[in-house]
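K.L.:
how would this look folded up:
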Amino acid sequence: MTPRRALRPALFWRVAIGNAAVLAAACIITALIFSPRVSNVAVRELAIFAGGLLLMLALNLLLLRRAFAPLRQLTALARRIDPLSPGPRLRVGGGASEAAELADAFNEMLDRLEAERRDSVGRALAAQEGERLRVAQELHDGVGQTLTGVVLQLGRAARHVPADARDGVLEAQETARESLEEVRRIARRLRPEALDDLGLASALRVLGERFAEQSGLVVDVHVQPGLEFDEQAELVIYRVAQEALTNVARHAGGARAQVRLARRALEIDDDGGGRGGGEEGGGIRGMRERAVLIGATLRLDQSPLGGTRVTLELP
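P.N.:
Modelled structure (predicted):
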């Protein structure tokens, strides 16, 4: 269907050619009425007639271009709209007109779509966080307690087994202890207890410390004092920082990361090999969806450290 549509002339040129034909016909008919003897028409008069016709056609094109400008703007805006980067709107000057009414209707449609997008993303992420909390509690209360019991039982067994079998029991105990720590780490990633218990600033510092311990990254966390956000915004900020640091540790191959939170923005810089503007994966898309939830904007840029800067511009 696209090739067939491309063969049709644009609406602007269809209207312009139609107007030009009407103007030319009107001028020729007028000239014939007032000069019935065409042979007496001087070359100078014919030149004036042709010049006037061309001038009228040029004015017609100019006026039509101005009249069709809102449609071109609407088309350009519709092509660059990204559901995960809301905000752009069409503005048409010149007072009340059909073009301004069309722009208002289009902007109202965008408002409705963005509101529905926020609601749907909010419901999906709320369900996701609820499921994360449920799984984290089951890991902590179920699997975690079971592994704790196994560690204690192996410790008691190690004191009563023969010496030649003790090393194997102690090795099994250490394996169970490592598994217990892994379960606890997964539970903390699913639902950050530091965010619930200590607040956003402390949770971000704990997050940086854990990433430093687990991945070897040097993570610097700076939080502006006195910041206050609602519960939903705090969770979004924490998840964006967590996902950005995960990308640095897994994919960027960097050795250093910086996390800075101020009143208007969260910034995560790294010195890895990643660059902003590349193909976006599921992690970045997830960050954009969370940003939409609180009316924020996510940007990827070149970092002063040499890697990527992830910026969450807060509303």
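K.L.:
can you map out the helices along the protein?
P.N.:
Listed from the start of the chain, the chain has helices (DSSP state H) covering 2-7, 11-34, 43-80, 98-138, 144-158, 163-190, 193-198, 200-215, 231-247, 282-293.
K.L.:
distance check, the spatially closest residue to Leu90 that is not a sequence neighbour against Leu62.
P.N.:
Among residues not flanking Leu90 along the chain, Ala103 sits closest, at 4.5 Å (C-beta to C-beta, 6 or more residues apart in numbering). C-betas here are computed from N, CA, C, even on glycine. Remark: distance between Ala103 and Leu62 (C-beta to C-beta, to the nearest Å) = 21 Å.
K.L.:
do Ala24 as well
P.N.:
Distance of Ala24 to Leu62, computed by C-beta to C-beta: 17 Å.
K.L.:
of Ala103 and Leu62, which one has the most company?
P.N.:
Ala103 (21 against 10; other C-beta atoms under 10 Å).
K.L.:
so who does the nearest residue to Arg91 once chain neighbours are set aside touch?
P.N.:
With C-beta to C-beta, 6+ apart as the criterion, Arg91 has its nearest non-adjacent residue at 7.1 Å, and that residue is Ala103. Shown in contact with Ala103 (C-beta atoms under 8 Å, 6 or more residues apart in numbering): 70, 73-74, 90-92.
K.L.:
distance of Glu171 from Thr146?
P.N.:
Taking C-beta to C-beta, one finds Glu171 at 19 Å from Thr146.
K.L.:
can you check Arg184 too?
P.N.:
13 Å.
K.L.:
of these two, who's got more company?
P.N.:
Each of Arg184 and Thr146 has its neighbours counted (other C-beta under 10 Å); Arg184 has more, 17 against 13.
K.L.:
quick one: low-confidence parts of the stretch 151-300 of the chain?
P.N.:
252, 274-282 (pLDDT under 70).
K.L.:
one more time with 80
P.N.:
160-161, 163-164, 184-198, 214-215, 250-254, 272-283 (pLDDT under 80).
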